[in-house]
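Colleague: Next one to model:
(chains A, B and C)
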Amino acid sequence: MPELPEVEVVRRGLERWVAGRTVAEVEVLHPRAVRRHPAGGADFAARLAGHRFGTAMRRGKYLWIPLADADASVLGHLGMSGQLLVQPHEAPDEKHLRIRVRFDDARGTELRFVDQRTFGGLSLHDNTPDGLPDVIAHIARDPLDPAFDDAGFQSALRQRRTTIKRALLDQSLISGVGNIYADEALWRSKLHYERPTATMTRPRSAELLGHVRDVMNAALAAGGTSFDSLYVNVNGESGYFDRSLDAYGREDEPCRRCGTPMRRRPWMNRSSYFCPRCQRPPRP
DNA sequence: ACCACGTCCTGTCGGC
DNA sequence: TGCCGACAGGACGTGG
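Modeller: Have a look, this model is predicted:
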């Protein structure tokens, strides 16, 4: 379940292994992997061939590789189980290989998009004037972006009529936060996931934002987290932010602050993990 | 305009 | 032993 730190690790891998290379041929092996490319797989392959890759960029969980010779980008999202692998040509095809990109050089490697659950995919889009693929113009900056607007986020929270975890997962408010880091940041902030955003004072919002950044930076320092053997970085090495989670997946285990057994609650077709003592539910 | 929820997908795991 | 349901969840479309 790649979130921002894992995606950043993949971005760095792309920067190192595919920047500057020219596409020779693209094979789309599963239509769902290009479902965000409206004209379909054949068009995706045809339009990409012959173009040279620039330096991979990232916003939140989205990755894109600008074409060095056109005002367009290859946009990628890893979804739940997506991997971008740089593999030798002779490596056997992965079971869930969805897209293969061959290059026109003699480096002997190709780029592969592998994805078991097919929530992720690649697509080709024109750029907006600020160099962003047009279809992700609505995605907010992420908290590690130097241009992230802290004050704007805080006032947006107060104006919303929703609850805090929903807001953290809303990619138009703040991007790059998924279920795992949301639970981690809320635990660190001693906030219940159902706290109304309207009750978030400036200091409380600032503290939460600080914890979101701390959790992400810690994961980044550890080379990206993975809690699922499906997740592998761009070179095929599995990252693992070992034993550093305080909330996610810790049902019935003692809270690392107060020792109370942690709880899991079904929430929005997923789960929320929290300490019932440190993170008191809001008064109804 | 804002907000909530169902849906897509495949593999693993645990219970009966 | 084998079947079946629950679970994992990011982002988008739809309906309120």
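Colleague: only C-alpha atoms for contact and neighbour calcs from this point on.
Modeller: Noted.
Colleague: how much space is there between the residue nearest the centre of chain A and A:I99?
Modeller: The centroid of chain A falls nearest to A:K61 when counting by C-alpha atoms, centre = their mean (2.7 Å). According to C-alpha to C-alpha, to the nearest Å, A:K61 stands 19 Å off from A:I99.
Colleague: coming back round to it: the residue nearest to the centre of chain A and A:V10 touch, don't they?
Modeller: No: between A:K61 and A:V10 there is no contact under C-alpha atoms under 8 Å: 10.5 Å.
Colleague: what's the offset of stretch A:52-61 from the middle of its chain?
Modeller: Taking C-alpha atoms, centre = their mean, to the nearest Å, one finds stretch A:52-61 lying 13 Å from the centre of the chain it belongs to.
Colleague: Show the end-to-end separation of it, please.
Modeller: Start-to-end, stretch A:52-61 (C-alpha to C-alpha) is 23 Å.
Colleague: Quick check: mean pLDDT of it?
Modeller: Averaging pLDDT along stretch A:52-61 gives 96.
Colleague: Stretch A:134-151 and DNA strand C in contact?
Modeller: Yes: among the residues of stretch A:134-151, A:135-136 lie within reach of DNA strand C under C-alpha under 7 Å from any atom of the strand.
Colleague: Quick one: end-to-end distance for that stretch.
Modeller: 26 Å.
Colleague: Return the set of buried residues in that stretch.
Modeller: For stretch A:134-151, the neighbour count (16 or more other C-alpha atoms under 10 Å) marks A:134, A:139-144 as buried.
Colleague: could you dump these to JSON lines with pLDDT?
Modeller: Formatted as JSON lines, the buried residues of stretch A:134-151 follow (pLDDT from 0 to 100):
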{"residue": "A:D134", "pLDDT": "94"}
{"residue": "A:I139", "pLDDT": "94"}
{"residue": "A:A140", "pLDDT": "95"}
{"residue": "A:R141", "pLDDT": "96"}
{"residue": "A:D142", "pLDDT": "96"}
{"residue": "A:P143", "pLDDT": "96"}
{"residue": "A:L144", "pLDDT": "96"}
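Colleague: Secondary structure added to those residues, as a markdown table?
Modeller: Formatted as a markdown table, those follow (DSSP: H, G, I helix; E, B strand; the rest coil):
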| residue | secondary structure |
| --- | --- |
| A:D134 | helix |
| A:I139 | coil |
| A:A140 | coil |
| A:R141 | coil |
| A:D142 | coil |
| A:P143 | coil |
| A:L144 | coil |
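Colleague: I'd like to know which of those residues is nearest to DNA strand C.
Modeller: A:I139 (7.5 Å; C-alpha to the nearest atom of the strand).
Colleague: and the gap between the closest one and DNA strand B?
Modeller: 14 Å (C-alpha to the nearest atom of the strand, to the nearest Å).
Colleague: where's the closest residue to that residue other than its chain neighbours, which helix or strand?
Modeller: Nearest non-adjacent residue to A:I139, counting by C-alpha to C-alpha, 6 or more residues apart in numbering: A:S172, 4.8 Å away. According to DSSP states H and E, A:S172 maps onto no helix or strand at all.
Colleague: For chain A, just list every one of the helices.
Modeller: Taking DSSP state H as the test, the helices found in chain A are A:4-17, A:41-48, A:150-159, A:164-169, A:179-189, A:202-221.
Colleague: Would you convert those helices into a markdown table that also reports mean pLDDT?
Modeller: Formatted as a markdown table, the helices of chain A follow (pLDDT from 0 to 100):
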| stretch | mean pLDDT |
| --- | --- |
| helix A:4-17 | 88 |
| helix A:41-48 | 97 |
| helix A:150-159 | 95 |
| helix A:164-169 | 96 |
| helix A:179-189 | 95 |
| helix A:202-221 | 93 |
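Colleague: Using a markdown table, lay out the ones you listed together with distance to DNA strand B.
Modeller: Output for these, formatted as a markdown table (distance: least, C-alpha to the nearest atom of the strand, whole Å):
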| stretch | distance to DNA strand B |
| --- | --- |
| helix A:4-17 | 19 |
| helix A:41-48 | 16 |
| helix A:150-159 | 6 |
| helix A:164-169 | 6 |
| helix A:179-189 | 13 |
| helix A:202-221 | 16 |
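Colleague: In JSON lines, list those helices along with distance to A:G79.
Modeller: JSON lines is the format used below for these (distance: least, C-alpha to C-alpha, whole Å):
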{"stretch": "helix A:4-17", "distance to A:G79": "10"}
{"stretch": "helix A:41-48", "distance to A:G79": "18"}
{"stretch": "helix A:150-159", "distance to A:G79": "25"}
{"stretch": "helix A:164-169", "distance to A:G79": "14"}
{"stretch": "helix A:179-189", "distance to A:G79": "13"}
{"stretch": "helix A:202-221", "distance to A:G79": "18"}
